[in-house]
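**Student:** here are the coordinates; sequence isn't available:
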């Protein structure tokens, strides 16, 4: 019989994912366009400012991880990071634009720093509070399910709420975020005085073996998101159906999480992840055959690949948690969790940035006019991610990763 208090522990840990995803999706998808067109800054200025803020964000992960490993994640840290998010997000939404560019950049940087201050200790928590392979899987699966639920919420709300109400909804989401991060409590400074340096972390063969497929897979996931709107508009001629496509994809992802959880319990995280990679690559490859009028088939493909999304998120995170615990034990209980997940966070953000650069450089090189040809869009949207997914599948067959799967039980 399942212990209700144990179930609540997994739910409580996952809860910040809902407001984080519901706040994060509008920021990444809509804020740049709104600032460029409605805020009065223009596309070039917004692109430059966001790029500078993002680079600062990437560089903040490792120092944040080092600080958390040394001093712990106290409730004061959660609240301080929340204050950065709440103040900067509220200013960006409610104060009239345009601002002086240094002020706009500062607002974005503070918002991203607050985000790092919450996400890095939150991602690292299972290293300290999970005591078995099943615990690791439950914590990470619960978190990813809640993030997917928050993403769905962010997509559905604009469709069911009046536009005038949406800015006020920010206050509610911020309040929910504060409540859920406070529920995480405080992780005291570690009893061990040993804190592993990043040099030890980066020279470990298992870390490097897992980091490369993680980065490559994040790149494979980020590229389609970068050019999705272009694919819908220029290849399928169905930009108006974008909302249905996204909701179908993320809803399938949410519904697929229990399947990957139970599969991983039977055959392990590594094999389950590889199955997810192959199924996703196979299904997504059919999108290369689509053209005008095929939006129904594209929605079906989105549902199929969405079902594999849970394998892409929860399973590698469980493996990363196991690796952090293994390294800590091997080093006499040295603290490593926050630094480990700061590294994964930095790699994810770098993949997002690289996806934009690679995609648009390719598209720009293939066009003489304003819009790239359909074949070039399909190549970057479909062929590149499929090839990268298959490459990750091969990377995960290396002995160093297979050995990792068997550790930390």
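**Tutor:** That came through fine. No experiment lies behind these values; they were computed from the predicted model shown.
**Student:** From here on, just use CA atoms for contacts and neighbour counts.
**Tutor:** OK.
**Student:** Show the pLDDT at the residue most central in space within the chain.
**Tutor:** A centroid search over the chain (Cα atoms, centre = their mean) returns residue 348, at 7.1 Å, as the residue closest to the centre. In this model, residue 348 is scored at 89, pLDDT.
**Student:** List the buried residues of the helix or strand harbouring it.
**Tutor:** Using DSSP states H and E, residue 348 sits within helix 337-365. Buried residues in helix 337-365, counted by 16 or more other Cα atoms under 10 Å: 337-353, 355-356, 359-360, 363.
**Student:** Does that helix pack against any helices or strands, and if so which?
**Tutor:** helix 43-71, helix 101-129, helix 205-230, helix 309-330 (3 or more Cα pairs under 8 Å, 6 or more residues apart in numbering; DSSP states H and E).
**Student:** try 7 Å this time
**Tutor:** Identification of packing neighbours for helix 337-365 by 3 or more Cα pairs under 7 Å, 6 or more residues apart in numbering; DSSP states H and E yields helix 43-71, helix 101-129, helix 205-230.
**Student:** Switch these over to JSON lines; also include mean pLDDT.
**Tutor:** Shown next, in JSON lines, are the helices and strands packed on helix 337-365 (pLDDT from 0 to 100):
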{"stretch": "helix 43-71", "mean pLDDT": "84"}
{"stretch": "helix 101-129", "mean pLDDT": "92"}
{"stretch": "helix 205-230", "mean pLDDT": "89"}
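**Student:** Distance from the chain centre to the host helix or strand of residue 271, please.
**Tutor:** Per DSSP H and E, residue 271 falls inside helix 269-285. Once both centres are worked out by Cα atoms, centre = their mean, to the nearest Å, helix 269-285 turns out to sit 18 Å from its chain's centre.
**Student:** could you give the mean pLDDT of whatever helix or strand comes next after that helix?
**Tutor:** Of the helices and strands lying after helix 269-285 in sequence (DSSP H and E), the nearest is helix 295-307. Per-residue pLDDT values over helix 295-307 give a mean of 96.
**Student:** now swap in stretch 258-270 and tell me
**Tutor:** 92.
**Student:** same question, stretch 15-34
**Tutor:** Rounded mean pLDDT across stretch 15-34 is 86.
**Student:** ok, residues contacting it?
**Tutor:** 46, 143, 146-147, 149-151, 153-154, 173, 176-177, 180-181 (Cα atoms under 7 Å, 6 or more residues apart in numbering).
**Student:** Need the residues you listed in TSV (columns: distance to residue 109, secondary structure and neighbour count).
**Tutor:** Output for these, formatted as TSV (distance: Cα to Cα, whole Å; DSSP: H, G, I helix; E, B strand; the rest coil; neighbours: other Cα atoms under 10 Å):
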residue	distance to residue 109	secondary structure	neighbour count
46	13	helix	23
143	25	helix	26
146	26	helix	22
147	23	helix	23
149	26	helix	21
150	23	helix	24
151	23	helix	26
153	25	helix	18
154	22	helix	20
173	20	helix	17
176	22	helix	17
177	19	helix	25
180	23	helix	20
181	21	helix	24
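**Student:** follow-up on the earlier one: can I get the helices and strands packed on helix 337-365 in TSV including distance to residue 385?
**Tutor:** Formatted as TSV, the helices and strands packed on helix 337-365 follow (distance: least, Cα to Cα, whole Å):
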stretch	distance to residue 385
helix 43-71	23
helix 101-129	26
helix 205-230	4
